[in-house]
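Peer 1: coordinates for the following, if possible.
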Amino acid sequence: MDLRIQRRLAAELLTCGQNRVWFDPEALDEISTASTKQDLRELIEKGLIKKKAVKGVCRARINQMRLKKRKGRRSGHGSRKGKKTARMPRKRLWVIRIRAIRRRLRELKTSGQIDTRTYRMLYRKAKGGEFRSVAHLNAFIEEIKR
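Peer 2: Model (predicted):
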């Protein structure tokens, strides 16, 4: 039983592609006798011909992956593309580091642990890139105090 014509006409009526047209398997004889659009409209009203839902794309796996990445997983060597400095530019690293060091220097000055002269000297050293981190700065200050 060839239902190509009925399928094409039903697709036009339902405004969808032919692949999305569903025929009731029990009523195939009745559908095959339908030859006009009006006949098909009646079958659609009866519910013997329906439009299938559009197949979506499941985002569950992607969302799961995003949650893991947010936690810091899946970021090992095998997942990386690009150089270390491409993932986090040198300038950005510098800005983060220098702000932390300067914040620490300000704390030390306001708490009175270092005087203004020492503060200025350490500030200039920091600007020159002498300290790798706040911990390195603290170690340097301990050395000075001895």
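
Peer 1: doesn't residue 43 lie inside a strand?
Peer 2: No: Residue 43 is assigned helix when assessed by DSSP: H, G, I helix; E, B strand; the rest coil, not a strand.

Peer 1: that one: neighbour count?
Peer 2: Here the count is done by other Cβ atoms under 10 Å, and residue 43 has 21 residues near it. To be clear about C-beta, it is placed using only N, CA and C from the backbone, and glycine gets the same treatment.

Peer 1: do the same with residue 42
Peer 2: By other Cβ under 10 Å, neighbour count at residue 42 equals 13.

Peer 1: chain center to stretch 117-133: distance?
Peer 2: Put simply, stretch 117-133 sits 39 Å off its chain's centre (Cα atoms, centre = their mean, to the nearest Å).

Peer 1: now do the buried residues in it.
Peer 2: Buried residues in stretch 117-133, defined by neighbour count with 16 or more other Cβ atoms under 10 Å: 118, 119, 122, 126, 131.

Peer 1: mind checking pLDDT for the residue in the chain sticking out farthest from the centre?
Peer 2: Distance to the chain centre peaks in the chain at residue 33, reaching 52.1 Å (criterion: Cα atoms, centre = their mean). Residue 33 carries a pLDDT value of 94.

Peer 1: distance check, it against residue 132.
Peer 2: Separation of residue 33 from residue 132 (Cβ to Cβ, to the nearest Å): 85 Å.

Peer 1: adding distance to residue 19, pLDDT and secondary structure, write the buried residues of stretch 117-133 out as JSON lines.
Peer 2: Converted to JSON lines, those look like this (distance: Cβ to Cβ, whole Å; pLDDT from 0 to 100; DSSP: H, G, I helix; E, B strand; the rest coil):
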{"residue": "118", "distance to residue 19": "78", "pLDDT": "97", "secondary structure": "helix"}
{"residue": "119", "distance to residue 19": "75", "pLDDT": "98", "secondary structure": "helix"}
{"residue": "122", "distance to residue 19": "73", "pLDDT": "98", "secondary structure": "helix"}
{"residue": "126", "distance to residue 19": "67", "pLDDT": "98", "secondary structure": "helix"}
{"residue": "131", "distance to residue 19": "66", "pLDDT": "98", "secondary structure": "coil"}
